[in-house]
Every structure is written in structure tokens, then in C-alpha cells.
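Sequence first, then the predicted structure, then my questions.
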2 protein chains.
Amino acid sequence: MPLQPWMKLISVDDHLIEHPMVWQDRLSARHRERAPRIVETPRDGLPAVQSWLYEDRPYPYIGLNAVAGKKPEEYGIDPVRYDEMIPGCYDPKARVADMDIDGVEAMMCFPSFPGFCGTVFMKGDDKELSLQCVQAYNDFVLDEWSAAAPGRLIPVVILPLWDAQLSVREIHRTAAKGAKAISFPDLPHALGLPSMHTDYWDPVLSAAEETGLPLCQHFGSGGATSVPQVASDAPFAVMINLMGANSMHATADWLFSPALHKHPKLKIGLSEGGIGWIPYIVQRADYVWRKHRSYQNINQDVKPSELFQKHFHGCFIEDDFGVDNRHAIGVDRITWECDYPHSDSFWPASRKRAAEAFANVPDDEVHKMVELNARRFYNLPDAAPAPRAATVS
Amino acid sequence: MPLQPWMKLISVDDHLIEHPMVWQDRLSARHRERAPRIVETPRDGLPAVQSWLYEDRPYPYIGLNAVAGKKPEEYGIDPVRYDEMIPGCYDPKARVADMDIDGVEAMMCFPSFPGFCGTVFMKGDDKELSLQCVQAYNDFVLDEWSAAAPGRLIPVVILPLWDAQLSVREIHRTAAKGAKAISFPDLPHALGLPSMHTDYWDPVLSAAEETGLPLCQHFGSGGATSVPQVASDAPFAVMINLMGANSMHATADWLFSPALHKHPKLKIGLSEGGIGWIPYIVQRADYVWRKHRSYQNINQDVKPSELFQKHFHGCFIEDDFGVDNRHAIGVDRITWECDYPHSDSFWPASRKRAAEAFANVPDDEVHKMVELNARRFYNLPDAAPAPRAATVS
């Protein structure tokens, strides 16, 4: 039984649904009426639909993909009211209770309404309000969500991406308050922001290095590359199948950008990206580098695979092929995730599914992938010592 | 030495450069002056640039990526004259001589000027001319290129993609003349054509089944998905690294489309797509199917991985991770390629590189991947019997 009872599962990719007062509780009176708030729209014979309104723009889903506890047959209908979700979606105490049921020690939760990395606030007309909204979200995550269960809900913060200097300040402000990671777009250029091949992000990457906060690139956070190219008449399954291609693309961008050479301490998490594709794309990056570097403005000395081993970690929910190939990926590069409350999650059987995934993996490798690697990447407290019997075996 | 001297290498993805008279030799006088022809543009102190002109549109590269025989340091400068290429690019007798140097028995060559699957002719203003251009290309491939070395240059044809009925007729016309495969866009919807989720292609797919001709989907032939999303300031290496993502996307489209259920004999080749990503995307397709099929308009009974094993074959030039995982892919699903005269090719050392790639692979599996699978997929004559010593060993 390679997943031992004493190993503590740390999930590095989950999601929280913001409660209705996240911004209303925190913004000044002047900004409050254009800040995100919940509005109710009556339906014939059904309870009213709840949705977000930010400035004048409606956002129809409060709980996109918040389907934890539903059967697959019930997927495809996103909740339109808080009372259609289980409370663990939006209530941190209920979340921890759900984690206990699931055998999970700690979780890192990404935002919902703001987008995985806060891109909704880039669209604000009033950028002073946008900045306050970013800060209010981060204060909510640090002071309310994660504070409700210290050590169990790992805080990941968002940035005012439209301004590198404001982003630097927000990194330092939130790091001082206990932030453990930064949610960062996987493909900034797809959002109309400067690409990773420019120097625009250098101050941000330096701040991440100085504070030791990894950048988490949730797949699809950068506007989604593969996704808009999926045929409009394709079933949704095609897009779900291909989501990892976004993380592949983000990886290729980093491996051929100057950024990692300028920022040797930077850590990058490929959140929800899966792991089974990693050896293919990294090995191909080495092939491309060997044959094509001489005539291109790319680093001539360091192989892409060395950069991968130094800077990255991937994570997976269900990726048996990736686990089989953990040595080609690097056992130290792999972390594990739940994806609660999204449809890829196995809650309340995450621990059971993990035990199956690791059935043929040695204990020490399992321990790294489910717990120790996450502690190292995210600067979490050291693991408790293994029980004596376990260390002897 | 698992790649035995008696094994004949069959490459399923290579490229030919059309000589200047391909269309001028074949079209009627009325069409000739707007059909593709070579024009010369003087350069100061250098020989004139040769480029294609089709109707009124110039196509600046006659030999895009036709770099066989150059060193990597010389890549990045595409030939602009026929005399800057080695003759094997455009002369079938010279090609066969280059194959002999390379230890390669047979090759399947995709078009250059027309695009991998003839998409240039979709853009023609005069669709009667477009159809004649498609037919002239196919006649050139069948009557001139492949006829110069029967059995060694395997003919792959293109279709008038803008018209399904014309495409059906062209499949039957060329099959009767000895065509062995059809070059088909990997992502038709990205070209503005109906997607694989419509019934537009059904007559074409039926014709492919009836004639036994596989559809070869060369990566990037469908307008390229990942590619236009690469940041404009990214080095070219990023795009090269990600080209296989197009084949991943094409695969996901097929696996969740009704087409394979309606066309049980259809064969699909993922030309130049690499193979190392296959187990990841196919396994993920099964995960997606298991969790998400119930609420979607996708087949409820057949797992995507079963469709893959029945219909597809991949190929590779250099993909050691893929070879290591050949059993997860399916040894019967893998073919080999040279990519002559493009920059991914190892010519004149293709056989040497193949021997390295297969160093730890049993003989019978090597033989399938380099020769037997290609013979089966493309309805080529059976392999010669192995030498007696070899069959005994």
C-alpha cells in the first residue's frame, strides 16, 4: 500500500467560489456600487438566478463548474444559486470538513469570478477600482478564507496584471501577509499583455524570486490557446481533452524565453496541466534547441530540459501514464491535486483514487509527489516525521 | 543491432518541391497564364529570386524549409532559387539517389507550393482553374514523380476541399491511377471549412473507405491551431516545439466526432505529428469520455482509446520518449519518417539515427515500425521474406 495513511495529501490546485460580500465588505463606499455584487434575476416557477455584476457588466455564472458532490449525469448544468452548491464551495469551514472527508490535508484554491488569475479586473473601466478589487480579493483570501483554517488552505494571490509596478507592490504586500503563491496567466500574450519574450515582466519575476513565491499558471488562465480554436460545433469534450495543451504552450514559451536565464530562482507551477505530456514536449524542446538555436535569439548554452528540471513543477488529478513515466518527468517535479469542486475532481474519493494511481509506486516516491514536493515548492512547514515503523520498513 | 540490414525503411512523411512546369505542362492554354508559374525578381548583385505566381498572388518561397544538405547554422534562410537546393528536392531520380545514400527504401512526399493538403487552391478566384490545378498536381505526382521510381515514391494526392462531391470524384479518379493516400487538413474548421463534427465530409470519408486510401493529416495542414496563437515576438523555436499540438487537436476532434462511428474502415495518419504525446491525450480522452459523455452528443458506447487503436497511426522522426512508450501507444500504430528535405530530417544519416532510436527495441517491433506497419496502412506490396539466418535467430 504505497500511499501510507500517515502521508498527508497536499493538493496544489483547487477552486473557491467567492461569497456575495467579498468585495462589498472591503471596498470604500465610493467604489462599492460598481464593485462586484450579486444580483438576482427572477425565473418563472424557479428560484431567482444569482449572478455577478461588476461595473455594468453581468457575469452569468456564480459557480462555473462548481459541481462537487454531483454525479456525472448531472454535470453540464452550472449552479446559478449559492444554495445549489455544497457549502464547501464558498465556506472555508465547510471546505475543511469536505477535505477531512476526502483525506486531504491542505489545498491551494484559485479564484472563480475574477478568473483563475484575476483577468476580469483587467477589463475594468476604472483602474483604481480594479486595483482595489484585486487587493480586496487578496485580503479576502489571506484574512478570511485561509485564516479560517491556518495551514490547510494555502493562500494564492492575484495581481493587477495591467501594471507591472503595481504588481510588484502587490506581491510584496501580500507576501508580507503570508501569501504562498501567485496566480499568473499561462499565456499573457493571448490576453493582449506583453509576452514572456519581452522584458515587461522582469520586475514581477524579480519580486517573485525575492519573496520566494512560485508563479502558478493555471491552464486556460491566459485566455486559452487551444480553446478558441476548437470548432464551434465540437462537443465540449474536445476542449476538455485539450486543456493541457495550454500548459504545453506556456512551457515552450518559458523554455525559449530569456526570462529563466535572467531569473534563476523563479519557480513555476503548471496548475491543472497534467503531467503525461511533459517528457514529450521537453524532449522535443531539446531537439529543437539542438537543431535550431544557432540562427535564433535564444540561449545558446543551456538545454531546455535543464531549465525544466530547475524551475518547473507539474501536477495531476488523474494521469496514470504520467505516473508511469514519473522518472522521465522527474519525481521531484510532480505534485498532486484535487480540483475541488470542479468536474475533474474525485471528491469525496480523492484519496482513494490517489491510492489506486500510486499502487505500483515506491513509498518514498509517493510521499514526494503527494506531500514533500508541494511543501518545498510552496515554502510550507516541513512534514511531520514518519511513524517509526514506516521509516524502518 | 535491432535495426537489421535487411529491413527496408519506409518513410511516411517527406516533401517534394514542384518543378517550374508542373502546372504549365498540364493546363489548357486558356488557364495556363493564371496557373502557378515561376517568376524571377532581380536582386542587386545576386541571382534573381524565383517565386510562384498563381492568378495574381505571389508566393515568395519556392523551397520553404527545403534545407536538406545544409548545416543547422545555415537554417533560417529558405532557398529562393532552384539552384540553391539539392536536386533531390525537385527531381525524382535525384531523390531516389538521395534515398539510397540515406538507406531508405520508399517515401511518401507531400506537396510544397500547394500547401501540405492543397489549401492554396481553395483560395483561387477561378474555381474551375482551382480544380484543374488540383488535378494537374495529382497527375504530376502519379504520372511523373512516382512513376519515375515505382514502389519507391509512394503517391499521396490532394483534394478540391471546397467541394465534397468534386473531392469524392478526385479520390476515385486518382485511386484508379494508383494513389496510395489522401492528404487531408488536420483542422478543417481552422480553414473555414466545415468541421469534423458536421456531416459535410461523410461522402469524402466514404470514398476513402471504399478505395482503402488513408487520410494523412500533416501537422499544420489545417491552418495551424497552436501556431497563430504563438506570440508574435516569440522565437520560431516555440512554434516548432508546439507543432505536434496540431495533431493532438486533430486526434481529439476525431475521437469525439461521429465520423469514426459512421466510417468504420477509415484510416488516419498523423503525419509528422510525433508519437510521444499519444498515450497522454488518448488516456485523457478516455477520462473525459467516462466523466463527461452522459450530457454530451458523443458516442456513449465506445471508448476513445478503442477508436485510436482501430483507426490511427502516428509517425516520428526523432521521438525517443515515444519509442520508449511504444507499447502504451501500440506498436502496430507507429510508423517512421525522414522528413526530407525539411530541417527536422537527418538526411543523409536517417538510417543511422533510426538505428540509435531502436537500439533497445526487439527486432520484430522495429520491423513493424520501420516497414511492416506502413505496408499495411498504405496497401503497399508485402515485404520480402527476411533472410533465413534472420528468421532463425
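That came in fine, so what should we check first?

Give me the nearest residue to residue A:248, chain neighbours excluded.
Excluding the flanking residues, the one nearest residue A:248 by C-beta to C-beta, 6 or more residues apart in numbering or on different chains is residue A:281, at 5.0 Å. Heads up, the C-betas are built off the backbone N, CA and C, glycines and all.

scratch that, residue A:375
Nearest to residue A:375 is residue A:383, by C-beta to C-beta, 6+ apart, at 6.1 Å.

do you know how far that neighbour is from chain B?
30 Å (C-beta to the nearest C-beta, to the nearest Å).

so where does residue A:79 fall, helix or strand?
Following DSSP states H and E, there is no helix or strand that holds residue A:79.

sorry, back to before: burial of the residue nearest to residue A:375, as a residue count?
By the criterion of other C-beta atoms under 10 Å in any protein chain shown, residue A:383 has 17 neighbours.

need the contact list for it.
Residues in contact with residue A:383 (C-beta atoms under 8 Å, 6 or more residues apart in numbering or on different chains) are A:8, A:367, A:371-372, A:375.

Can you tell me the element it falls in?
Per DSSP H and E, there is no helix or strand for residue A:383.

rewinding a little: model confidence for the residue nearest to residue A:248, exactly?
Turning to residue A:281, the model gives it a pLDDT of 98.

just checking, next helix/strand downstream of the one helix or strand it maps to?
Taking DSSP H and E as the definition, residue A:281 sits inside helix A:278-292. Next along the chain after helix A:278-292, taking DSSP H and E as the criterion, comes helix A:304-311.

Show me what the very next helix or strand once past that next one is in contact with.
As assigned by DSSP H and E, the chain's next helix or strand after helix A:304-311 is strand A:312-316. Contact with strand A:312-316 is made by A:12-13, A:214, A:247, A:251, A:254, A:267-276, A:278, A:322-323, A:329, A:333-337, A:373, A:377, as judged by C-beta under 8 Å, 6+ apart.

Could you report the neighbour count for residue A:165?
Neighbours of residue A:165 (other C-beta under 10 Å): 11.

how about it, what does it touch?
residue A:203.

how far away is residue A:310 from residue A:279?
16 Å (C-beta to C-beta, to the nearest Å).

Kindly report the same for residue A:84.
41 Å.

who touches residue A:263 in this structure?
Counted by C-beta under 8 Å, 6+ apart, residue A:263 has contacts A:202, A:205-206, A:208-209.

Kindly apply the preceding question to residue A:30 instead.
With C-beta under 8 Å, 6+ apart, residue A:30 has no contacts at all.

Tell me the pLDDT of it.
92.

Quick one: the helices in the stretch 201-350 of chain A, in order.
Secondary structure of the stretch 201-350 of chain A (DSSP state H, counting those that start in this stretch): helices located at A:202-211, A:226-229, A:236-242, A:244-255, A:259-262, A:278-292, A:304-311, A:320-324, A:326-329, A:350-357.

Could you double-check that residue A:261 lies in contact with residue A:306?
No - taking C-beta atoms under 8 Å as the definition, residue A:261 is not a contact partner of residue A:306, at 10.9 Å.

Name all residues that make contact with the residue lying closest to residue A:255 once chain neighbours are set aside.
Nearest in space to residue A:255, with sequence neighbours left out and distances taken as C-beta to C-beta, 6+ apart, is residue A:304 at 3.9 Å. For residue A:304, the contacting residues are A:255-256, A:282, A:285-286, A:288-289, by C-beta under 8 Å, 6+ apart.

try residue A:140
Counted by C-beta under 8 Å, 6+ apart, residue A:140 has contacts A:18, A:22, A:25-26.

doesn't it fall inside a helix?
Yes - secondary structure assignment places residue A:140 in a helix (DSSP: H, G, I helix; E, B strand; the rest coil).

Please report how far it lies from chain B.
31 Å.

Ramachandran angles for the closest residue in space to residue A:236 that isn't next to it in sequence?
Among residues not flanking residue A:236 along the chain, residue B:296 sits closest, at 6.0 Å (C-beta to C-beta, 6+ apart). Dihedral pair for residue B:296: phi -120, psi 160, per degrees, to the nearest 10.

now swap in residue A:47 and tell me
The phi/psi pair for residue A:47 (degrees, to the nearest 10) is phi -60, psi 150.

just residue A:91 next, same as before
phi -110, psi 120.

Wait, it touches residue A:18, no?
No - Residue A:91 sits out of contact with residue A:18 when judged by C-beta under 8 Å, with a separation of 11.3 Å.

With neighbour numbers in mind, choose between those two.
residue A:18 (23 against 19).

Quick one: residues contacting the more buried one.
Contacts of residue A:18 by C-beta under 8 Å, 6+ apart are A:36, A:90, A:111-114, A:137, A:140.
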